[in-house]
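**Q** sequence and predicted structure are below.
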Number of protein chains: 2
Amino acid sequence: MATRDIKGKTLLPVELFDELDPAPRLLMGPGPVDLYPRVLRAMSVPIQGQFDPQFTGYMNQTMALYRHVFRTTNEWTFLIDGSARAGIEACLVSLLAPGERMLVLNFGRFGHLLIEIGNRIGAEVVSIEAPWGTVFEPAAVEAAIAKHKPKVVATCQGDTSTTMLQPLAEIGPICRRHDALLYVDCTASLAGNPFETDAWQIDITSAGLQKCLSGPPGSAPITFNGRAADAINHRKHIEAGIKAPGMVEGNGPIIRSNYFDLAMLMDYWSPKRLNHHTEAASMLYAARECARVVLEEGIEAGVARHVEASAALRAGLEAMGLALYGDARHRMANVTGVYIPKEIKDGERVRGQMLEDFGIEIGTSFGPLVGKIWRIGTMGHVARMANVLRCLASFEAVLRRNGYAAPAGAGIDAAYKAYEAD
Amino acid sequence: MATRDIKGKTLLPVELFDELDPAPRLLMGPGPVDLYPRVLRAMSVPIQGQFDPQFTGYMNQTMALYRHVFRTTNEWTFLIDGSARAGIEACLVSLLAPGERMLVLNFGRFGHLLIEIGNRIGAEVVSIEAPWGTVFEPAAVEAAIAKHKPKVVATCQGDTSTTMLQPLAEIGPICRRHDALLYVDCTASLAGNPFETDAWQIDITSAGLQKCLSGPPGSAPITFNGRAADAINHRKHIEAGIKAPGMVEGNGPIIRSNYFDLAMLMDYWSPKRLNHHTEAASMLYAARECARVVLEEGIEAGVARHVEASAALRAGLEAMGLALYGDARHRMANVTGVYIPKEIKDGERVRGQMLEDFGIEIGTSFGPLVGKIWRIGTMGHVARMANVLRCLASFEAVLRRNGYAAPAGAGIDAAYKAYEAD
């Protein structure tokens, strides 16, 4: 079978490939992770038109659900149709005009990404740097803010590249005192670690579904408060194609992206329903179901489950004689860095055998940690005892085949014990 | 049930809402349309990690399949994770640096969007305008190119706002003669109307799944040739977080978006697999299945089915005494504009009753056409006789209830006749 173009020229032969039939995996890397089965099913539900009253009802429910996930009463709580990095870019490009200053708290690969996005949009980016495997003290943050006087302070809560979790409770009040807006990327941490948008005075934050929310990559929940909304609406500009008398625009510099323009997105997600993009209906169904699953369990219970799973995993790894990466006081509850022991010549071979022989994906590493650590996730739906035990048993076997002999059964026993101690 | 924040303050009570249970719809507006059932099922398939060899295999298959859909041999054929408008912005922001000139062929609401996006990214945008309901003659396009000497010429193929289809076969060669790059937004037309990326010398084009591809909104297939790739790579810049010795960068002005940077996306979709975003795996499954469905039928057969369905719908509407909108020589084969007759006081009430009483969505209109026409889609999976007949029968009944008496049964009979004449 081959297609021909309009002039009769034969194009490449058409190969339709087989039906989708991926091998089963247990995803214990730094994300994405296995989807909760109810979330998978939600995506197979037929869609409706984007202005169908029932569909806009589902949009409103999704907003309400994510207010609870983010622990906020913010009206502006909705989805960006794109991956987690699309959510970051939407927040930053809507807040920062070219030449405006952003201070990034950089403690890993995703801090570099914040700097990178800021540079792309023409912001004046300054940063403070923490050695990989550590986080910032509030005093250091305050000193940098006092020195640079940024419009926006940006940080990740958790950076999977280093497995570190930046404490945030004191950062929001510092930003208020210095009249800076605080942006937090909580993609990797939300729902697996405590996160308090309102109580911590976080002005604007974005996430993704593919970590502790057990959803598919490709939708980015965000929330922002009135301070952030005012800054954004100051730059509001309505598309020529839909402009009508009576619509109010701001007089600040135009937002340099149409797709990521949060001012227009507020109108789309409000009762005005001003046409912007066509909402990704199947992904919205997934996002809605992710939130329902997480809230049904309860945020506190879900965080406790993550803490328990990572504690058991870590106890197991240490009982196997392995060393954990990073400042133990500031580890994320959903991903663990573990040093590759010197007996192992090729860390990637171990990862390959975990995948091929046991169907388990564990993570590699970035930048200065390449070849030095593996990263093992216990996120979302995956963070449960059966998976921790399965991972440790498999890991012990693969390490043995690669020249590292852990005491037989020690990992599993330690993990059991950690679970039983609860 | 209510959540409390970390200080013990009770947040809003948690309401989990009911299980997803949307009322059945037949989507005959300008898109999105009903998903093909195999596409719905594809999204409920468990995902794998983004660098899993089997998953990158699915990515490669998706590239190969869309080469056939776009009728091209372009290596660079992949997905943007976002709605159709994300695809447009990715193409334009990657090609056009601030101050560079773009000529837009504007013949409807989505021409305005091209202008809008161009302005946002700081391009110098010039446009030529065709009255709504008409398209451009090649000579007018050539004259404008000669006058303005743009780097990029941008147009929609089909603009659902006016239901017009711009002929493109002569535009590509004109752009080559004047050394301009041709960008085409084929979101609304691809797979329902002939589209020939290579034969028509289109340098770069983007689409969406939610029209004639019978997929969900939220993924944008694109393709571009070596001329476009050279222009983009001239602006290539690698993220600080993943930069390594030996990676080649361009020396043109940096692309103003990280998420939409096609230079980095080429590295992500190539064997280099350089980390960028996390691919939206479930949407990729959907996109892959959309292409398999379309290619299994065959592009020519699918276009013929769209032509047949819209011809039957139009015959039916005219037999009901209704007048069709726009230049009959240049109508899209997948959407029909029909004037609201003077007997009908409220066109939106008719749309509401079509939805409420018959479960059928038809489209409203934009800008100068508000209150003047309805738009009825026959797109993708929906473009079949049963739906055309069901729509006409329902429409006749609703129009009668609103004061417009079409000859009873005339619409259905004419549509039957059109189908039987084939």
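**A** Noted; the coordinates are in hand. Numbering: from 1, shown residues only, chains lettered A, B, ... in the order given.
**Q** phi, psi of residue A:338?
**A** Phi and psi for residue A:338, reported as degrees, to the nearest 10, are phi -130, psi 130.
**Q** just the pLDDT for it.
**A** Listed pLDDT for residue A:338 reads 98.
**Q** surely it is in contact with residue A:322?
**A** Yes - between residue A:338 and residue A:322 there is a contact at 5.2 Å, judged by CB atoms under 8 Å. Bear in mind the C-beta positions are built from the backbone N, C-alpha and C, glycine included.
**Q** secondary structure element for the closest residue to chain B within the stretch 1-150 of chain A?
**A** Closest to chain B within the stretch 1-150 of chain A is residue A:112: 3.3 Å, counting by CB to the nearest CB. According to DSSP states H and E, residue A:112 maps onto helix A:109-120.
**Q** local confidence estimate at residue A:184?
**A** Residue A:184 carries a pLDDT value of 98.
**Q** and what of residue A:10?
**A** In this model, residue A:10 is scored at 57, pLDDT.
**Q** residues of the stretch 251-400 of chain A that sit close to chain B?
**A** By CB under 8 Å from any CB of the partner chain, the part of the stretch 251-400 of chain A that sits against chain B consists of A:254-261, A:275-283, A:285-286, A:288-289, A:292, A:295-296, A:298-299, A:355, A:361, A:366-367.
**Q** wait, is residue A:361 part of a strand?
**A** Yes - using DSSP: H, G, I helix; E, B strand; the rest coil, the assignment for residue A:361 is a strand.
**Q** quick check, it in contact with residue A:22.
**A** No - in this structure residue A:361 lies outside contact range of residue A:22 using CB under 8 Å: 11.9 Å.
**Q** looking at the two, which is more packed in?
**A** Shown here are residue A:361 and residue A:22; by other CB atoms under 10 Å in any protein chain shown, residue A:361 has more neighbours (24 against 16).
**Q** what residues are up against the more buried one?
**A** By CB atoms under 8 Å, 6 or more residues apart in numbering or on different chains, the residues touching residue A:361 are A:25, A:26, A:27, A:28, A:29, A:351, A:354, A:355, B:48, B:49, B:52.
**Q** again with residue A:132
**A** A:107, A:108, A:161, A:162, A:326, A:367, A:368, A:369.
**Q** now the third one. Nearest residue, chain neighbours left out?
**A** Spatial nearest neighbour of residue A:161, excluding adjacent residues (CB to CB, 6 or more residues apart in numbering or on different chains): residue A:109 at 3.6 Å.
**Q** all helices of chain A, in order?
**A** A:37-42, A:53-70, A:84-95, A:109-120, A:138-148, A:171-177, A:226-233, A:262-269, A:281-297, A:299-319, A:347-358, A:385-401, A:410-421 (DSSP state H).
**Q** residues near residue A:157, how many?
**A** Neighbour count of residue A:157, defined by other CB under 10 Å: 25.
**Q** from residue A:55, how far off is it?
**A** 32 Å (CB to CB, to the nearest Å).
**Q** next: residue A:151.
**A** 36 Å.
**Q** the more surrounded of the two?
**A** Neighbours were counted for residue A:151 and for residue A:55 using other CB under 10 Å; residue A:55 has more, 20 against 17.
**Q** list the contacts for the more buried one?
**A** A:47, A:48, A:49, A:279, A:281, B:22.
**Q** once you drop chain neighbours, what's closest to the second one?
**A** Yep, that's residue A:48 we're talking about. With CB to CB, 6+ apart as the criterion, residue A:48 has its nearest non-adjacent residue at 4.2 Å, and that residue is residue A:55.
**Q** got it, and the last one?
**A** Of all residues beyond its chain neighbours, the one nearest residue B:22 is residue A:48 (5.3 Å), with distances taken as CB to CB, 6+ apart.
**Q** got the residues of the stretch 101-250 of chain A near chain B?
**A** So the stretch 101-250 of chain A meets chain B at A:109-110, A:112-113, A:115-117, A:119-122, A:169, A:194, A:196, A:198-200, A:208, A:210, A:216-219, A:239-242 (CB under 8 Å from any CB).
**Q** can you turn the buried part of the residues you listed into a PyMOL selection?
**A** A single PyMOL command selects the buried members of those (16 or more other CB atoms under 10 Å in any protein chain shown):
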select buried, chain A and resi 109+110+112+113+115+116+117+119+120+121+122+194+196+198+199+200+208+210+216+217+218+219+239+241+242
